[in-house]
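Visitor: Fold the following, please.
(one chain, ligands or ions: 1)
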Amino acid sequence: MHFITLDSETDFDGWRKAARALALNDVTPSEVSWRVAGASPELFEPIAPPLEPPQGTFSVPAKFVELAEIAILHHNPERFALLYRLLWRLRGNHDLLAIATDSDVADVTTMARAVRRDEHKMHAFVRFREIGREQKSHFVAWFEPEHHIVELAAPFFARRFADMPWSILTPDVCAHWDGHAISITPGVAKSEAPTADRLEGTWRSYYASIFNPARLKVQAMQKEMPRKYWRNLPEASLIKPLIEGAGRTASAMIANAASEPHKPQKRLEPSKASDKADDMPHKHADDIETLREEAANCRACPLYKNATQTVFGEGAQTARIMLVGEQPGDKEDLAGKPFVGPAGQMLDRALDEAGIDRSKVYVTNAVKHFKFVPRGKIRLHQKPNTPEIRACRQWYERELAAIKPELVVAMGATAAQSVLGKITPINKNRGHPIDLDDGTRVLVTVHPSYLLRLPDAEARASEYRRFVQDLKIAAGVLRKSAHAA
Ligand code: URA
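Guide: As a prediction, the model looks like this:
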């Protein structure tokens, strides 16, 4: 038996060197036992003679190296052996990774996905607390990752909070940023993390402000923000009372809404032609969830560097309408959801007036990261440029393929550019369906933020009516296609 001791749980270089030497010495996977320094040695196994210095060479697909680098951060102690077995088999079959049903390929892919999901959760749920304000401020957060992701996730915080010295403490390892470099130290107990400070109030009022009782979906919310993270989130203490009060608050919102009676709403029945087979809901759900996970790590343009997270589309998997906006704003960037800020409230109101139920449409953006310039404490929105729109288009295309809506509503110039594939003036093209060569039917209209920016109340009211009118045309297109079917 060959015992390989790696320096740490995340020692990918050590694993790679050892795996190469083992494979070149024709050591089969069953003859290797992997461990991490500090673990007790296997007492009863005969130890194999030392390996010969590796002679010769072999290659594996670059995709394997990328996958292994991430999967090795999984907490499963079998991962080193599993990766070596896959490497061993790849030498004989270079195309093995393309066989998604192969159990080694599936296991490693699932592990890599779990690691990426954990990284994404860490980006979203780390909350810093300020300590030592009297001398020199330092920001400290406590986090309990599932996998060995601290070193992977730390550069995000260094970019995002470049000007503030911080430490992220975890039971596994701790990461520290002094404004110049990241350092890693051993893990600590939770009792070493600070518990409360003035930032807590900020998080709590922010969370209460983006909580929309009318759109409350407890299960979906718990999926995005699983309970295990709640104990370290200052805003968590609000979740229960907000959920409990949601019914009351939503009724009050309805009671306070415009006094004009609602027009009778026609139910938008799915057309037979595009019937989103009820027997396949999981396929759609998985598709979008997989895309969301992949997009969480998108590095296709530099916007990911400063944004908090990828804000992917969300909504009904059976949606017949897909609404496309420009890019997430400040509130969306923090919440990780599209159209939850002021533009989202304007959109909700207009959809409601147009007889479109937001819970039945799919809402997304042409660009999935928030682009901004910092101005003091404020992050000022910046319009995405053409390379950024192009780099992000792959996600829109894949959302389109997964949802297969009957109509795409492109709101504003950026969405129109992405959806139609060219710069398109809004006023000339708005309000009537445009059929694209690939079969997509598109309706162009203004962006709800445009309405918010109009300084003149009269213009705002008339532009709002036109916007609602465009959305009614969208609803009408669906009704027609339902009749034609
Ligand atoms: N504006 C957008 O285009 N999208 C959002 O999600 C929010 C504001």
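Visitor: what residue ranges in the stretch 101-250 of the chain score low on pLDDT?
Guide: For the stretch 101-250 of the chain, residues meeting the criterion pLDDT under 70 lie at 132-136, 195-225, 230-250.
Visitor: Quick one: the helices in it, in order.
Guide: In the stretch 101-250 of the chain, the segments counted as helices under DSSP state H, counting those that start in this stretch are 103-125, 150-160, 199-210, 218-224, 227-230, 236-256.
Visitor: Would you mind listing what in this structure touches the ligand?
Guide: By Cβ under 6 Å from any ligand atom, the residues of the chain that approach the ligand are 325-329, 332, 338-339, 341, 343-344, 365, 449. Just so you know, the C-beta spots here come from the backbone N, C-alpha and C atoms, and that holds for glycine as well.
Visitor: any idea which of those has the most stuff around it?
Guide: Going through the residues of the chain next to the ligand with other Cβ atoms under 10 Å as the criterion, the one with the most neighbours is P328, at 32 neighbours.
Visitor: Take the residues of the chain next to the ligand and lay them out in a markdown table including distance to I434.
Guide: Conversion of the residues of the chain next to the ligand to a markdown table gives the following (distance: Cβ to Cβ, whole Å):
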| residue | distance to I434 |
| --- | --- |
| G325 | 18 |
| E326 | 19 |
| Q327 | 22 |
| P328 | 26 |
| G329 | 27 |
| E332 | 27 |
| P338 | 23 |
| F339 | 23 |
| G341 | 28 |
| A343 | 23 |
| G344 | 25 |
| N365 | 20 |
| S449 | 22 |
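Visitor: So which of those residues sit within strands?
Guide: Secondary structure defined by DSSP state E assigns G325, N365 of the residues of the chain next to the ligand to strands.
Visitor: mind listing what the nearest residue to I70 once chain neighbours are set aside touches?
Guide: Take I70 and drop its neighbours on the chain: the residue closest to it by Cβ to Cβ, 6 or more residues apart in numbering is A112, 4.3 Å away. Contact analysis of A112 by Cβ atoms under 8 Å, 6 or more residues apart in numbering lists L67, I70, A71, H74.
Visitor: can you pull the contacts of the last one?
Guide: Read that as H74. Contact analysis of H74 by Cβ under 8 Å, 6+ apart lists M111, A112, A114, V115, H147, H148.
Visitor: re the thing from before, could you report the separation of the residue nearest to I70 from the ligand?
Guide: 29 Å (Cβ to the nearest ligand atom, to the nearest Å).
Visitor: Can you pull the phi and psi angles for R441?
Guide: Note on R441: its backbone torsions stand at phi -110, psi 130 [degrees, to the nearest 10].
Visitor: Confirm T5 sits in a strand?
Guide: Yes. Counting by DSSP: H, G, I helix; E, B strand; the rest coil, one finds T5 located in a strand.
Visitor: That one and the ligand, how far apart?
Guide: Applying Cβ to the nearest ligand atom, one obtains 49 Å for the distance of T5 from the ligand.
Visitor: quick one: that residue and S33 touch, right?
Guide: No. In this structure T5 lies outside contact range of S33 using Cβ atoms under 8 Å: 9.6 Å.
Visitor: pLDDT wise, what is L268 at?
Guide: What the model reports for L268 is a pLDDT of 30.
Visitor: So what sits opposite whatever residue of the chain ends up closest to the ligand in the bridge?
Guide: Using Cβ to the nearest ligand atom, G325 is the residue of the chain that sits closest to the ligand, at 2.8 Å. G325 has these beta-bridge partners by DSSP bridges: N365.
Visitor: List the contacts of it.
Guide: For G325, the contacting residues are 338-339, 343, 347, 363-366, 411-412, 415, 447-448, by Cβ under 8 Å, 6+ apart.
Visitor: okay, it: pLDDT?
Guide: In this model, G325 carries a pLDDT of 98.
Visitor: show me the contacts for the residue most central in space within the chain.
Guide: Geometric centre of the chain, nearest residue: A296, 3.7 Å, by Cα atoms, centre = their mean. Residues in contact with A296 (Cβ under 8 Å, 6+ apart) are R116, R117, E119, H120, Q309, T310, F312.
Visitor: JSON lines for those residues, including neighbour count?
Guide: Listed next are the contacts of A296 as JSON lines, based on neighbours: other Cβ atoms under 10 Å:
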{"residue": "R116", "neighbour count": "20"}
{"residue": "R117", "neighbour count": "17"}
{"residue": "E119", "neighbour count": "21"}
{"residue": "H120", "neighbour count": "21"}
{"residue": "Q309", "neighbour count": "23"}
{"residue": "T310", "neighbour count": "24"}
{"residue": "F312", "neighbour count": "23"}
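Visitor: and those, which two are the farthest apart?
Guide: Within those, two members stand farthest from each other by Cβ to Cβ: E119 and F312, at 15.2 Å.
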